[in-house]
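Enquirer: Structure of the sequence below:
(2 chains)
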Number of protein chains: 2
Amino acid sequence: MRDFSQDIDWLSINTATIRKQHGQEVALNTLLDQCASAGIRAVSPWRDQVAAVGLNSIAAQIRAHGMALSGYCRGGFFPAADAAGLRAALDDNRRAIDEAKILDAPCLVMVVGALPGALDGQAHYHDIARARQEVLDGLAASLEYAREVGMPLAIEPLHPMQAADRACINTLEHALDMCDALDPDATGALGVALDVYHVWWDPKLQQQIVRAGAKRLLAYHVCDWLTPTRDLLLDRGMMGDGVVELKKIRQWVEAAGFRGYSEVEIFSERNWWQCSGEQTLQVCKQRHQTVV
Amino acid sequence: MRDFSQDIDWLSINTATIRKQHGQEVALNTLLDQCASAGIRAVSPWRDQVAAVGLNSIAAQIRAHGMALSGYCRGGFFPAADAAGLRAALDDNRRAIDEAKILDAPCLVMVVGALPGALDGQAHYHDIARARQEVLDGLAASLEYAREVGMPLAIEPLHPMQAADRACINTLEHALDMCDALDPDATGALGVALDVYHVWWDPKLQQQIVRAGAKRLLAYHVCDWLTPTRDLLLDRGMMGDGVVELKKIRQWVEAAGFRGYSEVEIFSERNWWQCSGEQTLQVCKQRHQTVV
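Expert: A predicted model of the protein is given here:
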C-alpha cells in the first residue's frame, strides 16, 4: 500500500467538501484558490459549481494552478416519468461528458438516478426494476458517446438509503454487473467510483473489489460514517471520526491495482460546512496522512 | 397470492407500531386490549414492553384474547467489547428464548447487533468482520439452546444504514449464508424475518427469497419507505404512503411458500406515534386489505 504519511500527493478534494463555509455557499473559483493555497494537487468539481462561474474560466483556472482532476461530478439521473424526460436526460449527460472533456477529467462520475420524482417527494412510479432498466439503457446510450470522445464513465453505487431518490445501483456487485453487461471486455471506458461511505457495510466488499480490478476502479472517495448519523444525505464525517475501516479498504483497492487519488467528499451541514475552508482543508490533509 | 381484501385474518400488529400514542408511551396490556377491540388476531410484542407489565400476566392476557403471536422481538446484540460482554449476551438470549416459549411465539426475531458501543455513540472497535464473527458464534450458541426447547430463531437483516449500530447482517443473502452455515439441513430451527423496510432496495431480493423458501421464511414485516426519510430509525411510513412495492414482494414471498402473518412494524415519531392507537390500527387494517 502506498505511504500517504509523508505528503499529500494523492489527496484530492471534492469541492462539495468546502462548498459551504460558515454556513454560506462559496463560489468554485474561490474554492480552487483555497485548494491551491493549501497545496492541494487535485480536485473534483461539481457541474452546478462550474456552471455558476463559467466552464472555460474554471478550466483555465485549473490549468493555471497546475491542478489535476480526480473526477467530475456528475452525470446520471437517467430514469424519467416519460419518453421526453428520458431523452432530456441523455442530452444532459452528453453535455456533462463534453464538460468533463474540456476540464480534462479522468472520468465522469455517474449518480445514476432512481425513481423519477422521488427526490421531490413524489415518485412518478414505484417499479425499481423499471428504473434499473432505464439506467442500463441510459448508460448504454451515454457510453456510446463517451467512447467516441474518450471520457470514461464511473458508476457510483450509492448507499441503499438513497435507493429511492438518488441512485438505484446500491452495491458494488450491482455496479459491476452493469459494467459487465455494457463493457464486457473491460476496455476502461466504463467502471466504478467507489465511495467508502456508500459501501463500507457490504459483506461482499472485498470480494467485489477484487472482481473490479484496476480496469474498473476509476475513482476512490473517502469520508467516514458517524454514529449516530443524523441525516441521510448531509451528515458525513471526516476521515477518522467514524467507524469506516479506511486503511483496510484502501489496502483492498490498492491490492486490486488502483493507483489514483484518494478524494475527500464530505457533505456535513452541521459540522464541516460551518467551518472555514482553510480549517476543513487543514484537517483533510492531516487525516489523509494519518488515517486514510 | 392470498386475498387479503376481505378480512384481516393474516394481519399482525407489531406492538412498536402503537407503543407511543399522542407522543406518550402506552403500556403493553393497554395495547393488547386495543388490538383485541380492533379485531386484530395476532401481535408481535417487544421484550421491554413485556417486562414492564410482567411476563406471566402478558402471556395470560394474550391467551384470554385468543391471540396468536407472529414473532417475539427480540434477541441478538451478540458483539461485545470483551469476553464478559459476549457471555452476558448469550445469557440474555437464553432468557429471550425462554420468554418466547412462555408466550408461545412461533419464532424469536434476532437483531444481531453490530459494532459494540456504536449505539451509544462510541464503538469499542471498528472491525466489522470481527462483529460478524461474533454474531455467527453467538447465533451458534443460542441456536443450540433454541433447538433444545424448540424455539425457531429468525435473523432479521437490517437496512445497511443500521450496519454500524444495530445489525451487521444487512442483506437477505448474508442472512441466508449464516443460516446455511449454522443449519445446513434447513431444519426450520433457523431462518429469517424479512422486513420490507430493510430489503426493498436489494437488486437480489427476489432471487434470495426464492433461495430462502418456506423453511427459512419465518416472519414477514411490512411498512413503507418515505421520500424524504427524515430519520434513520424513527421515520417509517404506513403501507401505501411510500415507494415499496408491497404486493410484488408479498407475491415473491408467497410464491416461495410463506403462509404466515403480514406483520405491521412502523416506528414513526413524527406521524403515527402522534395519533391514537385506534386511529393507527384503523389505518393498518384498511391498508392491509388494499395495498399489502
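Enquirer: At the contact with chain B, which residues of the stretch 51-200 of chain A appear?
Expert: Listed as neighbours of chain B in the stretch 51-200 of chain A under the rule C-beta under 8 Å from any C-beta of the partner chain: A:115, A:118-119, A:121-123, A:126-128, A:132, A:159-161, A:163-165, A:168, A:170-171, A:174, A:200. For glycine as for every other residue, the C-beta is placed from the backbone atoms N, C-alpha and C.
Enquirer: Show me just the buried residues among those.
Expert: A:115, A:118-119, A:123, A:126, A:128, A:132, A:159-161, A:163-165, A:168, A:170-171, A:174, A:200 (16 or more other C-beta atoms under 10 Å in any protein chain shown).
Enquirer: quick one: the strands in chain A?
Expert: A:11-14, A:20-21, A:24-25, A:42-44, A:68-69, A:72-76, A:108-111, A:153-155, A:190-195, A:217-222, A:262-264 (DSSP state E).
Enquirer: export those strands to a markdown table and tack on mean pLDDT?
Expert: A markdown table is the format used below for those (pLDDT from 0 to 100):
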| stretch | mean pLDDT |
| --- | --- |
| strand A:11-14 | 98 |
| strand A:20-21 | 98 |
| strand A:24-25 | 98 |
| strand A:42-44 | 98 |
| strand A:68-69 | 98 |
| strand A:72-76 | 98 |
| strand A:108-111 | 98 |
| strand A:153-155 | 99 |
| strand A:190-195 | 98 |
| strand A:217-222 | 98 |
| strand A:262-264 | 98 |
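Enquirer: So for residue B:283, which of those strands sits nearest?
Expert: strand A:108-111 (34.9 Å; C-beta to C-beta).
Enquirer: buried ones in the closest one?
Expert: A:108-111.
Enquirer: Same question for stretch A:184-197.
Expert: A:186, A:189-197.
Enquirer: Would you agree residue A:56 is in contact with residue A:102?
Expert: Yes. Counting by C-beta atoms under 8 Å, residue A:56 touches residue A:102, with 7.4 Å between them.
Enquirer: between the two, which one's more packed in?
Expert: In this view residue A:56 and residue A:102 are compared by other C-beta atoms under 10 Å in any protein chain shown, and residue A:102 has more residues nearby, 14 against 11.
Enquirer: pretty sure the more buried one is touching residue A:59, no?
Expert: Yes. Residue A:102 lies in contact with residue A:59 (C-beta under 8 Å); the separation is 5.4 Å.
Enquirer: For residue A:206, give me its contacts.
Expert: residue A:252 (C-beta atoms under 8 Å, 6 or more residues apart in numbering or on different chains).
Enquirer: any idea how far residue A:256 is from it?
Expert: Using C-beta to C-beta, to the nearest Å, residue A:206 is found at 9 Å from residue A:256.
Enquirer: go on, residue A:119?
Expert: Residue A:119 is 33 Å from residue A:256, by C-beta to C-beta.
Enquirer: How about residue A:291?
Expert: 21 Å.
Enquirer: more crowded one of these two?
Expert: In this view residue A:291 and residue A:256 are compared by other C-beta under 10 Å, and residue A:256 has more residues nearby, 19 against 16.
Enquirer: Identify the residues contacting that one.
Expert: A:209-210, A:212-214, A:217.
Enquirer: Show the backbone phi and psi for it.
Expert: With angles defined as degrees, to the nearest 10, residue A:256 sits at phi -80, psi 0.
Enquirer: Find me the pLDDT at it, would you?
Expert: Residue-level confidence at residue A:256 comes out at 98, pLDDT.
Enquirer: cool, and residue A:174?
Expert: 98.
Enquirer: Touching, it and residue A:157? I think so.
Expert: Yes. Using C-beta under 8 Å, residue A:174 is in contact with residue A:157, at 6.4 Å.
Enquirer: list the buried ones in stretch A:42-57?
Expert: So, applying 16+ other C-beta under 10 Å, buried residues of stretch A:42-57: A:42-47, A:49-50, A:53.
Enquirer: Hmm, residue A:92 and residue A:76 touching each other?
Expert: No. With contacts defined as C-beta under 8 Å, residue A:76 does not count as touching residue A:92, sitting 9.3 Å away.
Enquirer: the helices in the stretch 51-200 of chain A, which residues?
Expert: A:55-64, A:83-102, A:128-149, A:172-182, A:196-199 (DSSP state H, counting those that start in this stretch).
Enquirer: which of those sits most buried?
Expert: helix A:196-199 (a mean of 24; mean count of other C-beta atoms under 10 Å in any protein chain shown).
Enquirer: Quick one: distance of that one to the chain centre.
Expert: Average the C-alpha atoms of helix A:196-199, do the same for its chain, and the two points are 11 Å apart (C-alpha atoms, centre = their mean, to the nearest Å).
Enquirer: what's that helix packed up against?
Expert: Contacts defined by 3 or more C-beta pairs under 8 Å, 6 or more residues apart in numbering or on different chains; DSSP states H and E place helix A:196-199 against strand A:217-222.
Enquirer: and the strand it packs on, which strands flank it?
Expert: Each strand that pairs with strand A:217-222, with its direction, by DSSP bridges: strand A:190-195 (parallel), strand A:262-264 (parallel).
Enquirer: Out of those, which gets nearest to residue B:67?
Expert: Residue B:67 lies closest to strand A:190-195 among these, at 46.8 Å (C-beta to C-beta).
Enquirer: Give me the residues contacting that closest one.
Expert: Contacts of strand A:190-195 (C-beta under 8 Å, 6+ apart): A:71, A:107, A:109-110, A:139, A:143, A:152-157, A:172, A:175-176, A:179, A:182-183, A:209, A:212, A:215-223, A:253, A:265.
Enquirer: Kindly report the same for stretch A:59-74.
Expert: A:12, A:14, A:16, A:29, A:32-33, A:35-36, A:40-47, A:96, A:99-100, A:102-111, A:154, A:156, A:193, A:218-219, A:260-261, A:263.
Enquirer: Was I right to think residue A:158 contacts residue A:166?
Expert: Yes. If you go by C-beta under 8 Å, residue A:158 and residue A:166 touch, sitting 5.5 Å apart.
Enquirer: got any residues that touch both of these two?
Expert: Common neighbours of residue A:158 and residue A:166 (C-beta under 8 Å, 6+ apart) are residue A:111.
Enquirer: State the number of residues packed around residue A:261.
Expert: Residues near residue A:261, counting by other C-beta under 10 Å: 24.
Enquirer: Adding distance to residue A:284, write the helices of the stretch 51-200 of chain A out as a markdown table.
Expert: Listed next are the helices of the stretch 51-200 of chain A as a markdown table, based on distance: least, C-beta to C-beta, whole Å:
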| stretch | distance to residue A:284 |
| --- | --- |
| helix A:55-64 | 19 |
| helix A:83-102 | 23 |
| helix A:128-149 | 30 |
| helix A:172-182 | 24 |
| helix A:196-199 | 15 |
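Enquirer: mind putting the strands of chain A in JSON lines, distance to residue A:241 included?
Expert: Output for the strands of chain A, formatted as JSON lines (distance: least, C-beta to C-beta, whole Å):
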{"stretch": "strand A:11-14", "distance to residue A:241": "17"}
{"stretch": "strand A:20-21", "distance to residue A:241": "18"}
{"stretch": "strand A:24-25", "distance to residue A:241": "23"}
{"stretch": "strand A:42-44", "distance to residue A:241": "21"}
{"stretch": "strand A:68-69", "distance to residue A:241": "26"}
{"stretch": "strand A:72-76", "distance to residue A:241": "23"}
{"stretch": "strand A:108-111", "distance to residue A:241": "24"}
{"stretch": "strand A:153-155", "distance to residue A:241": "26"}
{"stretch": "strand A:190-195", "distance to residue A:241": "16"}
{"stretch": "strand A:217-222", "distance to residue A:241": "12"}
{"stretch": "strand A:262-264", "distance to residue A:241": "12"}
